[in-house]
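Novice: Turn this into a structure:
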Amino acid sequence: VQLVESGGGLVQPGGSLRLSCAASGFTFSSYNMNWHRQAPGKERELVAAITNTGSSTNYADSVKGRFSISRDNAKNTVYLQMNSLKPEDTAVYYCNAQGWDIFRRRVDYWGKGTLVTVSS
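Specialist: Next comes the predicted model:
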């Protein structure tokens, strides 16, 4: 199983970035997908979530109206479009796949993260 994030980098306040997470090794279309982030000295927080079919999304209040999560099940990829970025969005962003095994036990897979720095 692999989740590989890309698209992070340095951006000025007010700018945009698009993160991608390429998945392999599991049935991507059966898993809900989430983006989390962890800023220096802070706990990891859930930023955005999307159901396995893409029919429903959810966002943290801090990013509502600025971030958008989407997925392409044909490409086994989930995206996070980040607009109007603020310095407080600076963090390592992690991709997370959430599903269930045949015994109905929760299964979580994690990527290694990509760093987003918002600074002038």
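
Novice: Nearest residue to the middle of this protein?
Specialist: For the chain, the residue nearest the mean C-alpha position is Trp35 (2.4 Å; CA atoms, centre = their mean).

Novice: distance of that residue from Tyr109?
Specialist: 13 Å (CB to CB, to the nearest Å). (Glycine included, C-beta is placed from N, CA and C.)

Novice: Need the overlap of contacts for these two.
Specialist: Counting by CB atoms under 8 Å, 6 or more residues apart in numbering, the common neighbours of Trp35 and Tyr109 are Asn96.

Novice: Can you give the contact residues for the longest strand along the chain?
Specialist: For the chain, the strand with the greatest residue count under DSSP state E is strand 91-100. Around strand 91-100, the neighbours that count as contacts under CB under 8 Å, 6+ apart are 3, 5, 8, 19, 21, 23, 26, 28, 30-40, 42, 44, 47, 52, 78, 80, 106-116.

Novice: Averaged pLDDT, that strand. What do you get?
Specialist: For strand 91-100, the mean per-residue pLDDT is 97.

Novice: Next: stretch 38-53.
Specialist: 96.

Novice: Off-centre distance for that stretch?
Specialist: How far stretch 38-53 lies from its chain's middle: 7 Å, per CA atoms, centre = their mean, to the nearest Å.

Novice: And stretch 24-33, by the same measure?
Specialist: With CA atoms, centre = their mean, you get 14 Å for stretch 24-33.

Novice: again with stretch 82-89
Specialist: 14 Å.

Novice: ok, and for that stretch, which residues are buried?
Specialist: Buried residues in stretch 82-89, counting neighbours by 16 or more other CB atoms under 10 Å, are found at Met82, Leu85, Asp89.

Novice: quick one, helices of this structure?
Specialist: Shown for the chain, no helices are assigned by DSSP state H.

Novice: Show me the shaky parts of this structure.
Specialist: By pLDDT under 70, the chain has no low-scoring segment.
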